[in-house]
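S.K.: need a structure here:
(one chain, ligands or ions: 1)
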Amino acid sequence: MSTIQTSDLTKRFGELAAVDGVDLDVAAGEVLCLLGPSGCGKTTTLRMIAGLETVTGGEVRIAGKRVNELSPAARDIAMVFQFYALYPSLSVAENLAFPLQAENMSKAEIENRVEEVAGKLELGDVLHRRPGVLAEGEKQRVAVARAIVRDPNCFLFDEPLSRLDVELRMAMRGQIKEILSELSKATVIVTHDQLEALTMADRIAVMRDGRIEQIATPHDIFAHPRNVFVAGFIGTPQMNLMQGKLLQLNGRASFNLAGQEVSLDLTGGAGQLRPGDSYTVGIRPRGLEPLSEAAPGSLAATVDLVEPMGAETLLHLRADGQDIRVVLDRHNVVHEGERLHLALARDKLHLFGQDGGRIEA
Ligand code: ATP
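M.R.: Got it, this is the predicted structure:
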């Protein structure tokens, strides 16, 4: 069974814990994306799974078997790197056949397999060309084809699409996802591109400073971020995160937000809140709606900048020195300098405690 597990996986470089107690459990057929800012330990985690980096502590298991002591080759995994690592002097067909030559297959079997995989990745017309004359998207497809041509235990991808332009990336995201879904292998993809993770992953592991902050489906990570870091990291434009003191609880929860008293409907979780304490109130830019006049619970802010984004418009507003981002349908005409009263959509509110942890409210 194709599975990848890590338990308490740790890597120290001198004083630095680059990976600090990472637990992952990737099922057969599942695509897990490791997502996080530069330097958070994604690549080091992947390299330890691959056997390209030694482990300081913890365990890696592939297909249920401990592999800490095994060489990369003995782990029987296929890797796709940011840099394609194709053999420049070999044709595409020869590049694809290369991993099969160690597998004791007949020439005819190899040819069949190469053709089959080339077909899947639409490489039939370029099989006899050398990588140097291929377009970037074709090179990327050859790299993916070469990874799947064998029947490895599992797949590891390191920023596979980072060299492609925006349009190609979009196309390749879909293609890779489709191909992986046919293969029933455990797959780990490292990326710092959240759109890539949101579209390709069955589950996303958000990392920071060597640790996992949250592992969940793309939808859950977006709808229920476990803490302020994940809330601010996932979603574009970024979620508005406003610090505010809870003034009182009287059916609604009144906060001092951006210098104003804003009362929010937090029925459900309000029992956990304590007046006088500070909280972080999160609201996504698409969860704020302009009202024609001030209303209970609305937040007043002045438009600083209007940024058209095609079908939508991104507004930057200011309230008491705080930047508030609002995304509106482009039909809403708003001018710089205008004062808006914004309603906060109940179902798009997120609340975090002083330790940054989510409060279900
Ligand atoms: P990026 O997206 O920039 O590649 P990453 O999340 O993949 O970042 P890693 O490359 O895993 O992060 O690096 C994690 C930390 O470990 C960083 O602080 C990095 O500088 C450090 N590091 C990585 N490899 C080494 C090494 N060989 N020696 C010393 N420090 C290292």
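
S.K.: hey, let's count contacts and neighbours off CA atoms from now on
M.R.: OK.

S.K.: Compute the distance between T3 and the ligand, please.
M.R.: T3 sits 22 Å away from the ligand when distances are taken as CA to the nearest ligand atom, to the nearest Å.

S.K.: Also P99?
M.R.: For P99 relative to the ligand (CA to the nearest ligand atom), the value is 26 Å.

S.K.: How about G356?
M.R.: For G356, the distance to the ligand - CA to the nearest ligand atom - is 22 Å.

S.K.: Please parse the chain into its domains.
M.R.: Here the domain parsing of the chain from automatic domain parsing is 4-233, 240-357.

S.K.: Quick check: residues of the stretch 51-200 of the chain near the ligand?
M.R.: Taking CA under 6 Å from any ligand atom, the part of the stretch 51-200 of the chain that reaches the ligand is made up of H192.

S.K.: cutoff 8 Å now
M.R.: When proximity is defined by CA under 8 Å from any ligand atom, the stretch 51-200 of the chain lies next to the ligand at V190, T191, H192.

S.K.: need the contact list for the second one.
M.R.: Counting by CA atoms under 8 Å, 6 or more residues apart in numbering, T191 makes contact with C33, L34, L35, G36, K42, D158, E159, P160, A197.

S.K.: By residue count, what's the longest helix in this protein?
M.R.: helix 166-183 (DSSP state H).

S.K.: ok, the contacts of T191 vs E115, which is closest?
M.R.: Each of these was scored against E115 by CA to CA, and P160 proved nearest at 22.6 Å.

S.K.: got the phi/psi numbers for the closest one?
M.R.: For P160, the backbone dihedrals (degrees, to the nearest 10) come out as phi -60, psi -20.

S.K.: what are the ranges of the helices in the stretch 201-350 of the chain?
M.R.: 218-223, 228-233 (DSSP state H, counting those that start in this stretch).

S.K.: hang on, the earlier thing: any chance of the domains of the chain in CSV with mean pLDDT as columns?
M.R.: Converted to CSV, those look like this (pLDDT from 0 to 100):
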stretch, mean pLDDT
domain 4-233, 91
domain 240-357, 91
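
S.K.: Can you give me the end-to-end span of stretch 179-195?
M.R.: End-to-end span of stretch 179-195 (CA to CA, to the nearest Å): 18 Å.

S.K.: If you count neighbours, what's buried in it?
M.R.: Using 16 or more other CA atoms under 10 Å as the test for burial, stretch 179-195 gives L180, S184, K185, A186, T187, V188, I189, V190, T191, H192, Q194, L195.

S.K.: So which bits of stretch 216-233 are buried?
M.R.: Within stretch 216-233, the residues scored as buried using 16+ other CA under 10 Å are 216-218, 221-233.

S.K.: Look up the closest residue to R339, ignoring the ones flanking it.
M.R.: The shortest distance from R339 to any non-neighbouring residue, by CA to CA, 6 or more residues apart in numbering, is to T302 (4.4 Å).

S.K.: Now do the same contact list for whatever residue of the stretch 151-300 of the chain ends up closest to the ligand.
M.R.: Per CA to the nearest ligand atom, H192 is where the stretch 151-300 of the chain lies closest to the ligand, at 6.0 Å. Counting by CA under 8 Å, 6+ apart, H192 touches L35, G36, P37, S38, E159.

S.K.: hang on, the first one packs against E196?
M.R.: Right, the one you point to is L35. No: the pair L35 / E196 is not scored as a contact, 9.3 Å apart, by CA atoms under 8 Å.

S.K.: And these two? Which one has more around it.
M.R.: Set side by side, L35 and E196 show more neighbours around L35, with 26 against 23, by other CA atoms under 10 Å.

S.K.: Quickly note the distance from A17 to L46.
M.R.: Distance from A17 to L46, counting by CA to CA: 15 Å.

S.K.: So which of the two has more stuff around it?
M.R.: More crowded of A17 and L46, by other CA under 10 Å: L46, with 20 against 17.

S.K.: Make sure the more buried one is actually in contact with E159.
M.R.: No: the pair L46 / E159 is not scored as a contact, 10.8 Å apart, by CA under 8 Å.

S.K.: Find residues that contact each of these two.
M.R.: Taking CA under 8 Å, 6+ apart as the criterion, L46 and E159 both touch V190.

S.K.: so what's L342 closest to, chain neighbours aside?
M.R.: The spatially closest residue to L342, leaving aside those adjacent along the chain, is P290, at 4.5 Å (CA to CA, 6+ apart).

S.K.: what sits against the one you found?
M.R.: So P290 contacts L340, H341, L342, A343 (CA under 8 Å, 6+ apart).

S.K.: which of those residues are buried?
M.R.: Applying 16+ other CA under 10 Å to those, the neighbour count classes L340, H341, L342, A343 as buried.

S.K.: Any idea how many residues pack against A135?
M.R.: 9.

S.K.: Distance to the ligand added to the helices of the stretch 201-350 of the chain, as JSON lines?
M.R.: Listed next are the helices of the stretch 201-350 of the chain as JSON lines, based on distance: least, CA to the nearest ligand atom, whole Å:
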{"stretch": "helix 218-223", "distance to the ligand": "19"}
{"stretch": "helix 228-233", "distance to the ligand": "14"}
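
S.K.: For those, could you give me a markdown table that also reports distance to G124?
M.R.: Shown next, in a markdown table, are the helices of the stretch 201-350 of the chain (distance: least, CA to CA, whole Å):
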| stretch | distance to G124 |
| --- | --- |
| helix 218-223 | 34 |
| helix 228-233 | 40 |
